[in-house]
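compute the structure for the input listed below.
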Amino acid sequence: MKSNLKPDQVPPPQAKNWENNLEAEKSLTFDIFIPPIFIQKETYHQLTGENEGRIRIYLGLEPEKKEGKYVLCSYAVSTFLMGSGEVFRDYENPVYKLDTGNIDVSSNTAEVIENIRRYRQWRNGELEQGNAAASFRKYIYPNAYLLSKYELNEIFSSGNERAQISFGISKTMNAMVYPETENTGSPVKGPVVFNFSHPCPPVCDESSIFNAGHKDLSENPEKP
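All right, here's what the predicted structure looks like:
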């Protein structure tokens, strides 16, 4: 039986798994303090207007640390669709800092850019040269998020005055293809490795008899 999930809704067990993955990363690559982050209904309307466009949220780091940790900050800008593809470009104004309250910082974009630059340095492992795990951050943590307009519009049309943004980490096993193997059958783990696979889900053939998610093969056993 399928659960009645809304579009893009994360099933509760999966959401908990993402939260647990982030907790596990705190002992490895994640050493940032995250204050409460909200996007207010008024901010949403200021950014999207009557077009109900999309919003991009950039991550940054405050210049001052808290209890020895960098402090995450985030900024929201509106975007527009460029051409007929899925390329979205940013408007430079307005830009809002998302905190417990939302602050219009359009008049101070230099500080916004500097805080975003500091986060990129952290993400690339440039702020802590002695942390061996820091160089892996760029494979885990994104620079920004592009939010869908439909779900935001539904959230705020339902009477909510603000929505909270938190974070989690999903982990997926990827297929790595090596062009060479050793005589033992083990892959030669050199500099050349490919990942041109598309895992299922989400890329599946729902009509295939081999897709266990489509049909239980035991329902149609082979004839002798």
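
so, low pLDDT: which residues of the protein?
By pLDDT under 70, the low-scoring segments of the chain are 1-3, 50-52, 183-188, 212-224.

what residues go with each domain of it?
Structural domains annotated on the chain: 12-165, 175-224, as defined by automatic domain parsing.

can you put those domains in TSV and add distance to Asn4 and mean neighbour count?
Where C-beta positions appear, they are placed from N, C-alpha and C, glycine not excepted. Listed next are the domains of the chain as TSV, based on distance: least, Cβ to Cβ, whole Å; neighbours: other Cβ atoms under 10 Å:
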stretch	distance to Asn4	mean neighbour count
domain 12-165	13	15
domain 175-224	18	9
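
output those domains in a markdown table; the columns should cover distance to Lys6.
Shown next, in a markdown table, are those (distance: least, Cβ to Cβ, whole Å):
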| stretch | distance to Lys6 |
| --- | --- |
| domain 12-165 | 8 |
| domain 175-224 | 17 |
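
of the ones you listed, which is nearest Leu5?
domain 12-165 (9.6 Å; Cβ to Cβ).

ends of that closest one, what's the gap?
Length of domain 12-165, first residue to last, Cα to Cα, to the nearest Å: 16 Å.

so who does Ile169 touch?
Trp18, Asn21, Leu22, Glu25, Ile140 (Cβ atoms under 8 Å, 6 or more residues apart in numbering).

how does it look with 10 Å?
Listed by Cβ atoms under 10 Å, 6 or more residues apart in numbering, the contact set of Ile169 reads 17-25, 29-30, 140-141.
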